[in-house]
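J.: coords below, sequence missing:
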Ligand SMILES: [Zn+2]
């Protein structure tokens, strides 16, 4: 039976993988005549532009390769706005052939792009290449998609989820704004409400600018209080009144970081009862090389009220060490929270220069494009991990 686009999208063929998610859907089905699989994506508007499409494509390629499929043809169904971005970023299609004849849906195929423009439910196929090789779309370009789908049951090996986190409301962190925007990445700023508008600290206006860029604002107590040992009433004041103050300023605050990573059972309970969805400790993940340490936080985390991290980054943590952390997390598939303080040239032991920060983000962007890294805020990780596992169940 001749296969029209409508067929390929609506018809479930012999091999179909459905990945139903809250933010989008991806599937492929195989045409037995040429052993090529049609790939289709639908992505909700609010999830486009996250730069994680590569992850989805890589996963699809792995599945296809394991099942002996010769290659992919892709139909990309996005809104027009996203499609513009996809087309702007797509590289020229190239043919992938090998001596054995049929090309395979491998990593090189990921660089080929074939896009179907869709408007108002209609579809028009661009000239199709026959044969093997083929397509596949997306890459950093198929913005979006479903990283949350990856998170539903954890991250597959080969992928690290990285969160960029800034603590303590420090004024020089505002320099991160342009660097983050340049790299299309969102960070989480854990702030102390009592420090806002004070000398040396971020202003409310700056924090609003960061939030309007899409960065997450998290809680870190009113005055950076050391929580363990404080009377419960004072703990509650530091944790809950801080959250209330941030809410009153218009910030949607859902994640918390313990000052200095220190907590006890009472403060963890306060954090939970104040309505926070997660809290970050300092520690629990070792720096490489270490044989018997934990390499990455799991998704979802083992304990939402004490998510594990490698601790605060210092000047002594050179870029190669940070990269080694992420590389190792990729091997197991997991979450690495990178905790920064000062963004300046050697102004503090807990600092990173804007140059090094920018270089780090360059590297993360390359890894993201290669489908090995997703950069997400803490909230995106925590909320993405909440729905019941579905990603792996689709296999
Ligand atoms: Zn702190």
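T.: Thanks, I have it. Since the structure is predicted, the reported quantities are computational estimates derived from the model, not experimental observations.
J.: can you pull the buried residues of stretch 171-182?
T.: 171, 172, 173, 174, 176, 179, 180 (16 or more other CB atoms under 10 Å). C-beta here means a position set from N, CA and C on the backbone, and glycine is covered the same way.
J.: Just the residues contacting it, thanks.
T.: Stretch 171-182 is contacted by residues 164, 166, 186-187, 189, 200-202, 206, 209-210, 213, 215, 340, 342-344, 347, 354, 357-358, 361 when judged by CB atoms under 8 Å, 6 or more residues apart in numbering.
J.: which residues does the nearest residue to residue 353 once chain neighbours are set aside contact?
T.: Leaving aside its chain neighbours, residue 353 sits nearest to residue 345 (4.7 Å; criterion: CB to CB, 6 or more residues apart in numbering). Residue 345 makes contact with 351, 353, 354, 355 under the criterion CB under 8 Å, 6+ apart.
J.: part of a strand, is residue 345?
T.: No - in this structure, residue 345 is coil, not part of a strand, as judged by DSSP: H, G, I helix; E, B strand; the rest coil.
J.: State the pLDDT value of it.
T.: Listed pLDDT for residue 345 reads 94.
J.: Distance check, it against residue 315.
T.: 10 Å (CB to CB, to the nearest Å).
J.: residues shared between the contacts of these two?
T.: With contacts defined as CB under 8 Å, 6+ apart, the residues adjacent to both residue 345 and residue 315 are residue 351.
J.: low pLDDT regions in this structure?
T.: In the predicted model of the chain, residues 1-29, 33-35, 37-66, 68-154, 385-395 satisfy pLDDT under 70.
J.: domains of it?
T.: Per the record, the chain has its domains at 5-146, 152-394, by automatic domain parsing.
J.: right, and residue 196 touches residue 204 too?
T.: Yes - between residue 196 and residue 204 there is a contact under CB atoms under 8 Å: 5.2 Å.
J.: Between the two, which is the more surrounded one?
T.: Using other CB atoms under 10 Å, the more surrounded residue of residue 196 and residue 204 is residue 196, with 18 against 15.
J.: and the end-to-end length of stretch 220-228?
T.: 14 Å (CA to CA, to the nearest Å).
J.: Can you name the residues in contact with that stretch?
T.: Against stretch 220-228 from outside (CB under 8 Å, 6+ apart): 167-169, 190-195, 234-235, 237-239, 241-242, 245, 256-260, 262-264, 267.
J.: Just the buried ones out of those, please.
T.: Taking 16+ other CB under 10 Å as the criterion, what is buried in the contacts of stretch 220-228 is 167-169, 190-195, 235, 237-239, 242, 245, 256-259, 263, 267.
J.: Among those, which ones are in helices?
T.: Cross-referencing these against helices under DSSP state H gives 235, 242, 245, 267.
J.: OK, contacts around the first one?
T.: Taking CB under 8 Å, 6+ apart, we find residue 235 in contact with 225, 227, 266, 267, 270.
J.: Quick one: check the strand or helix carrying residue 337 for contact with the ion.
T.: If you go by DSSP states H and E, residue 337 is part of strand 334-340. No - using CB under 5 Å from the ion, strand 334-340 stays clear of the ion, with a minimum separation of 8.5 Å.
J.: what sits up against that strand?
T.: 154-155, 160-167, 173, 176, 257, 280, 282, 285, 295-299, 301, 307, 309-313, 322, 325-326, 329, 350, 352, 357, 378, 381.
J.: and what of stretch 196-212?
T.: The contact list for stretch 196-212 (CB under 8 Å, 6+ apart) reads 169-171, 173-174, 177, 189, 191-192, 195, 217, 249-251.
J.: Which ones among the contacts of stretch 220-228 map onto strands?
T.: Counted as lying in strands by DSSP state E, out of the contacts of stretch 220-228, are 167, 190, 191, 256, 257.
J.: can you tell me which of the residues you listed are up against the ion?
T.: Answer for the ones in strands among the contacts of stretch 220-228 near the ion (CB under 5 Å from the ion): residue 167.
J.: between the ones in strands among the contacts of stretch 220-228, which is closest to the ion?
T.: Set against the ion, the nearest of those by CB to the ion is residue 167 (4.1 Å).
J.: ok and the lengthiest helix in the chain relative to strand 334-340, angle-wise?
T.: For the chain, the helix that runs over the most residues, judged by DSSP H, is helix 354-369. Relative orientation of helix 354-369 versus strand 334-340 (axes from the mean of the first three to the mean of the last three CA atoms, to 10 degrees): 160 degrees.
J.: What is the burial count for residue 198?
T.: By the criterion of other CB under 10 Å, residue 198 has 12 neighbours.
J.: The ion contacts on the protein?
T.: For the chain, the residues in contact with the ion (CB under 5 Å from the ion) are 167, 168, 259.
J.: would CSV of those with distance to residue 333 be doable?
T.: What follows is these, written out as CSV (distance: CB to CB, whole Å):
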residue, distance to residue 333
167, 26
168, 30
259, 30
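J.: Walking through the stretch 101-250 of the chain, point out its strands one by one.
T.: For the stretch 101-250 of the chain, the strands defined by DSSP state E, counting those that start in this stretch cover 117-119, 122-124, 160-167, 188-191, 216-219.
J.: Surely residue 330 touches residue 373?
T.: Yes - with contact defined as CB under 8 Å, residue 330 reaches residue 373; the gap is 7.3 Å.
J.: Quick check: neighbours shared by those two?
T.: Common contacts of residue 330 and residue 373 (CB under 8 Å, 6+ apart): 159, 160, 367.
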